[in-house]
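Colleague: Any chance you can model this:
(2 chains)
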Amino acid sequence: MNLLRIALLLLLAPAVPPPQAPATASVEGIVVRLGTPDPVAGADVELTRVEGTTAAPLPPGAAEVLARALIGGGNSRATVIPAIATEVQYRKTGADGRFSFPNLKEGKYRLVSVSIGGMYQPAEYGQRDPRGRGLNFPLTAGQAFKDAKLEMAPTGAISGRITDENGQPVGHARVSALAPRVENGRRYLAIVGTVHSDDRGNYRLFWLPPGRYYVAARLADLTRRSVNVLVFPPGRIYSNDEASTPVISRRRLPSGEFEEETTGMVYYGGVLEPDRAKALDVLPGETFAAADIPLGIGKMPAWHIRGSVLDSNGQPAKSAFLRAIPRQWSPSVMILTATADANGNFDIMGAVPGSYAVFAVTTAPPLLTDLQRASLMAAGLDPTRVIAGITSELGYAPVDVGNAQVNGIKINTVRGIGLSGRVVIEGRPAMGEGDPALAKIVVSLRRDPNILYMPDAMIPLPQPPIPPGATAVPPRPVNGQVNDKGAFNILAGLGDFRVNVTEIPSNAYVKSVRMGNVDVLSGGLQINGPVDNPLEVVIGTDGGEIVGTAVNDRAEVQANVVVALVPESPLLRRRFDLYSSATTDFSGKFRLRNIPPGTYKIFSWPYVESDAWQEAQFLQPYESLGKLLTVREGSSQETQVRVTPVRP
Amino acid sequence: MKILRIFLLVALVPILSAQQPAPASVEGVALLSGPNSPVANIRLDLRAVAGGGASDGLPAPYVTTGPDGRFLFTGITPGTYRFVVSSRGYVAADYGQSRPGGITHTFTLGPGQRVDNVRLMVTPGGVISGRITDNGKPVGIADVYALKIGDYTGRLTLFGVLSAKTNDLGEYRMFWVPPGRYYVAVIIPDQADAGALLLSPEGDNGASVLATRQLPRAVLNRAIGSGAGDDHRHVPTFYPGTSDPDRAVLIDLRGGGEVPNINIESPVQRVYRVRGRVTDRPNDYTGPITVGLLTTNPNTVLEALTAQTNADGSFEIVRVVPGVYTLTAGYGNAMGRYPVEVRDQDVNNLVVSMNRGLEVSGTVTVERATPVSPDPIPANLNIILRPEPYIWDPIGSSVRGDGTFKVPASAVAPGPLPGGYRIQVAPILIPRTPPGQVLSPLPAALENAYVKSIRMGDKDLMNGTLLLERQPQDPIQIVVGTNPGAIEGRVMTERQQPANSVWVALIPENGLKFQTDHKFTGTDSDGKFQLQNVPPGDYKIYAWENIEAFDWQEPKIMRAYESRGTAVKIEEGRKTTIDLTAIPPGN
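Modeller: Okay, the predicted model is just below:
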């Protein structure tokens, strides 16, 4: 209706706006090739109003839809979700690269440009780096924002050749472009694109945003009908990791014996270890050629891991499914699988020197013995309630492989390990009836390292039986759901874990997680068998707050820069829960909340990969530039932080 | 010669040891198919044939050929094997044949047996390469397929053998492609993302794992302005640049050869919407009902053209390429169907009424010299009514032990709606098997059984179509014969040499021509062949020195050979003998 009215008004009085009409804002600008004045013609420019004002609010529900579409999964189609359709507008740039959006409501906006066909990385207004996010900017009633400039970085490519030990081309090698990603203080190389080499050994990784990359190759398994390659349109890059079974070959020796070998992942630079991989820089619009990889150096003898599996009744776990997963993270982890025979014996092939986590999954035996029942009770689980619906069992054994066959591994499977625990929120009065804030909290386990294809950290709890006469299905219990008294239970798998505590009150932080005398927040949790001690979680509510402004050398405020707070003590640098970060807004301001009391250093950079500052190697050259801040219980302080250029 | 000798040897060697049979050995030379030159430094292995060989479930161990192409396998567990080249880039190793794509031989090794001087023909794969453009601009991450097109289940089906993705320059290169004739097609995804690459023409061994996990790190995690919104889309385009598979051009690829410049221009097409309403929903059901557009034209089948009805029964299907469709809606025991043609505008206001459909009943009669009671044949059969023209919406029922059947079989299943149907009598009269699918063997009771006739009143439904306009009064009468004939003979080349390892195919001269799997066999080293359990009737028989397996099922290919067949009549319970001359290569 509104649109129609505007159209009619325009038709009737094209030149003179009616005097009573609310003053509208406008955005005009240009799309250029990064670092040049050259216009990009035919680019699609999208303007989205992401925040409304009291005078011009967003439609109901639009904010949530926008949050999903702009940050989360989003819609994969080139269509606009109806709930936000009125808040999103498109233009195509002309030959001069210019665009214009008239008649805008007041609010905060986001401006993006995209070019079809992959030649350019999408650009956002206010971006500090082609790989970084843009900046939401405000428009007030009547404001004419001219000269909005979007700089689009031409994408680049990496090409090269994959050869075997004889220098011959290798076809169908999986070749990946890798980019660093920091998680829990560790730097991983994550796959951002994968292509296959052709019969001449040639490959070409393309549509890469300019930046620093690593390249790695491994063999594709030709017994598969199909494989996935990963090439995303620019701007839609993901961090991927991959798990696959290795390609194993067995040579028949004249003696009638066999020699087994496999080929590992080889990085550009001719090395097998990601830490020693050679980096290369992809420049805008250019191809980094001759990134050749001698895949032959990845060839190595393959060994067997043999042993047997017993179920929780002590019987051979017939047809148990086994997987041996390297404990060392890799972007493309080689997982080994086998099935146990009728006697529970297994023979896993394809192992190379290193440390493996061997998991066995088997069907749970039908009946619980008294002994089992007792041991489950001892582990804090009520076998009649929790265990009845669990149909499989899991076993685990850490195994180190050297240059020899590994025999005699014994694995016992269990339905799960029962953990019980308690959460305390500090400074809250005791509640006789229970604390509803506690009943929201969920304690969960996450594998560490969280390597693809490892079994779930927690075993899903079965649906409880429906009581006679029930009119509703009882809710399925949630692992780690805290009750209003603070108690919780978890049915855990076996292995190494980190503990996550989520849904805590908005003004709170996780102060400590302990099991017996183990500091779980620092060191993680290792479960190899029944656990005696409860997990004790303390939630602190005395966190402090830091507000501030980021400025450059000339004391000018800096919008859209990263501000990171790092624990001062090297001893606490492995407590990743103590780090916090923010991005400055349009006026260069930031706010950090719920900071555990302590001493910190604060840093600021124009653009860095998220959590890069959790890695010691990254932080080391900036260490002396960090500004010391002490956060006291419940305090609030204001500060100014100097933005430091990122060192290459 | 060699094959025959092995079989003789196997027959002569008695099984002596029950415990650990003495290992066998095989020694020979690998030769490049065509020039017959020795191939050095390639890996060969012996793959145990399912059920016949000794496999420990581990990868088959390989040996490497020497500089003179020679190889030696020792310590082989007795069993039935075939040779495989495990070096990358080779597509086939066939022992006892002269061409790729021909007849694959397995051989059996007895305990302690030693086989010498095997001549093994190996074939390198070929390359098809080119460039994909949209309005002259290169298209990246387009999927290019080497395709076989077959007439399966009464409609054209595209079967991808291998695929490749284009790079940012629009270039693609499909390599290690088995020699043969292919169509090449490109599909430009409008929601470009990671995608699958067809890697192995042989199928999947199911043992290999490949899993990926994604974390978004996107600047923009959705497509904006992809250039193809809801009113435009790319459609599959065949070389040399047509969306009509009938106008696609076949590419002939030889072993180790390259066919370059297979360039395809694939622009976006205007697409339309189909809107309407589903009425007469059963039991006043107002929940969503899936409405779909089914088509006989394979190039329009890209993504499911479906929609869910709203509470008032209305629906809208988007991105519909112009063409002829059947709109279907199904819920419970009710179905609706409506023919739709989309031309150059949206189709609006369709009304699709749902109903229970019609009922068809009938009997299966088994002809036998000596009747048996109860006859085991009827209970092994299923009657299927397959819509004609074909859409994937068959309706069927099993046959009772007394030979009667009724479609629908029960009150909870929908019956056939008015329209045309072909009658199938599974598993003895069924449509062609698509490539890559393997039929389970016939049950013993059906070994001699064949469909002799299918009638409704005076209408012949075996060679024709059942036209259901209203509730039929007459039952369907199916006669199953159990006294098949046989044919045998010898194939000579035009130069009067025995044609060994050549294909012989028997094509019926009735309404089943190209509709079912036709009988075929390969000749032995003396050019002899035989085919058993042939349903009596008129046929044409063909033998070729050079044809790809199953090409005789393709009407398009067989047009060229129509006059080269020999008419032959197969009679009940009798063996026909015929001598043939193989059609030489290049015909």
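
Colleague: Just list the residues touching A:Arg415, thanks.
Modeller: A:312, A:364, A:376, A:387, A:390, A:392-394, A:459, A:491 (C-beta atoms under 8 Å, 6 or more residues apart in numbering or on different chains). Backbone N, C-alpha and C define where each C-beta goes, glycine included.

Colleague: Filter the residues you listed down to just the ones in strands.
Modeller: A:392-394, A:491 (DSSP state E).

Colleague: could you redo those as JSON lines and give each row distance to B:Val347?
Modeller: Formatted as JSON lines, these follow (distance: C-beta to C-beta, whole Å):
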{"residue": "A:Ser392", "distance to B:Val347": "51"}
{"residue": "A:Glu393", "distance to B:Val347": "57"}
{"residue": "A:Leu394", "distance to B:Val347": "55"}
{"residue": "A:Leu491", "distance to B:Val347": "55"}
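
Colleague: What distance do you get for the closest residue to chain A within the stretch 1-150 of chain B to B:Tyr81?
Modeller: At 3.3 Å from chain A, B:Gly75 is the closest residue in the stretch 1-150 of chain B, using C-beta to the nearest C-beta. From B:Gly75 across to B:Tyr81, the span is 13 Å (C-beta to C-beta, to the nearest Å).

Colleague: now A:Arg250
Modeller: Distance, A:Arg250 to B:Tyr81, by C-beta to C-beta: 15 Å.

Colleague: So which of these two has more stuff around it?
Modeller: B:Tyr81 (26 against 18; other C-beta atoms under 10 Å in any protein chain shown).

Colleague: Look up how far B:Lys452 lies from the more buried one.
Modeller: The value you get for B:Tyr81 to B:Lys452, if C-beta to C-beta is used, is 41 Å.

Colleague: B:Arg70 too?
Modeller: B:Arg70 is 55 Å from B:Lys452, by C-beta to C-beta.

Colleague: next one: B:Ala329
Modeller: For B:Ala329 relative to B:Lys452 (C-beta to C-beta), the value is 38 Å.

Colleague: Of these two, which one has the most company?
Modeller: The neighbour comparison of B:Ala329 against B:Lys452 (other C-beta under 10 Å) goes to B:Ala329, with 24 against 19.

Colleague: Could you confirm the more buried one falls within a strand?
Modeller: Yes - secondary structure assignment places B:Ala329 in a strand (DSSP: H, G, I helix; E, B strand; the rest coil).

Colleague: So which residues of the chain form helices?
Modeller: Picking chain A for this. A:2-12, A:62-70, A:370-378, A:520-523, A:616-619 (DSSP state H).

Colleague: think we crossed wires, I meant chain B
Modeller: B:2-12, B:555-558.

Colleague: mean pLDDT for these: which is lowest?
Modeller: Of all the helices of chain B, helix B:2-12 carries the lowest average pLDDT, namely a mean of 33.

Colleague: sorry, back to before: what separation do you get for the residue of the stretch 1-150 of chain B closest to chain A and A:Val266?
Modeller: For B:Gly75, the distance to A:Val266 - C-beta to C-beta - is 33 Å.

Colleague: And these two? Which one has more around it.
Modeller: Higher neighbour count among B:Gly75 and A:Val266: A:Val266, with 24 against 15, using other C-beta under 10 Å.

Colleague: and that one, what is it in contact with?
Modeller: Per C-beta under 8 Å, 6+ apart, neighbours of A:Val266: A:216-218, A:272, A:293-295, A:297-298.

Colleague: Please report the number of neighbouring residues for the closest residue to it other than its chain neighbours.
Modeller: Among residues not flanking A:Val266 along the chain, A:Gly298 sits closest, at 4.2 Å (C-beta to C-beta, 6 or more residues apart in numbering or on different chains). Using other C-beta under 10 Å, A:Gly298 is surrounded by 24 other residues.

Colleague: List the contacts of A:Gly298.
Modeller: Counting by C-beta under 8 Å, 6+ apart, A:Gly298 touches A:218, A:263-266, A:272.

Colleague: let's see 6 Å
Modeller: Contacts for A:Gly298 were tallied using C-beta atoms under 6 Å, 6 or more residues apart in numbering or on different chains; they are A:263-264, A:266.

Colleague: so which of the residues you listed comes closest to chain B?
Modeller: Comparing the contacts of A:Gly298 against chain B with C-beta to the nearest C-beta places A:Thr263 closest, at 11.8 Å.

Colleague: That closest one contacts A:Lys299, correct?
Modeller: Yes - in this structure A:Thr263 lies within contact range of A:Lys299 using C-beta atoms under 6 Å: 5.1 Å.

Colleague: Looking only at neighbour counts, state which of these two leads.
Modeller: A:Thr263 (25 against 16).

Colleague: Could you find the closest non-adjacent residue to that one?
Modeller: A:Gly298 (4.6 Å).

Colleague: How about A:Leu592?
Modeller: A:Leu592 sits nearest to A:Ile546 (C-beta to C-beta, 6+ apart), 4.6 Å away.

Colleague: ok, now B:Pro23?
Modeller: Nearest to B:Pro23 is B:Gly75, by C-beta to C-beta, 6+ apart, at 4.5 Å.

Colleague: what about B:Gly126, how many neighbours?
Modeller: 25.

Colleague: Do I have it right that it meets B:Pro178?
Modeller: No - B:Gly126 sits out of contact with B:Pro178 when judged by C-beta under 6 Å, with a separation of 7.9 Å.

Colleague: Quick check: beta-bridge partners of A:Leu419?
Modeller: Counting by DSSP bridges, A:Leu419 is bridged to A:Ile490.

Colleague: ok, it touching A:Leu491?
Modeller: No - taking contacts as C-beta under 6 Å, A:Leu419 lies outside contact range of A:Leu491: 7.8 Å.

Colleague: So between those two, which is more surrounded?
Modeller: A:Leu419 (28 against 22).

Colleague: Looking at per-residue confidence, what score does the more buried one get?
Modeller: As predicted, A:Leu419 sits at a pLDDT of 90.

Colleague: Just list the residues touching it, thanks.
Modeller: Counted by C-beta under 6 Å, 6+ apart, A:Leu419 has contacts A:490, A:492, A:531, A:535.

Colleague: From A:Phe497, how far off is it?
Modeller: From A:Leu419 to A:Phe497 the distance is 10 Å (C-beta to C-beta).

Colleague: residue boundaries of the strands in the stretch 451-587 of chain B?
Modeller: Using DSSP state E, counting those that start in this stretch, the strands assigned to the stretch 451-587 of chain B run over residues B:459-460, B:466-468, B:476-481, B:485-492, B:503-508, B:519-522, B:528-534, B:537-544, B:566-570, B:575-581.

Colleague: okay, those strands, which one's buried deepest?
Modeller: Between the strands of the stretch 451-587 of chain B, strand B:503-508 has the highest mean count of neighbours, a mean of 23, where neighbours are mean count of other C-beta atoms under 10 Å in any protein chain shown.

Colleague: Can I get it in CSV? Just the C-alpha atoms.
Modeller: Taking Å, rounded to 0.1, in the frame of the first residue of the first chain, the C-alpha atoms of strand B:503-508 are listed here in CSV:
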residue,chain,number,x,y,z
TRP,B,503,28.7,-60.1,-29.2
VAL,B,504,25.6,-61.8,-30.5
ALA,B,505,22.2,-60.3,-29.7
LEU,B,506,18.6,-61.5,-30.3
ILE,B,507,16.1,-58.7,-30.8
PRO,B,508,12.3,-59.5,-30.8
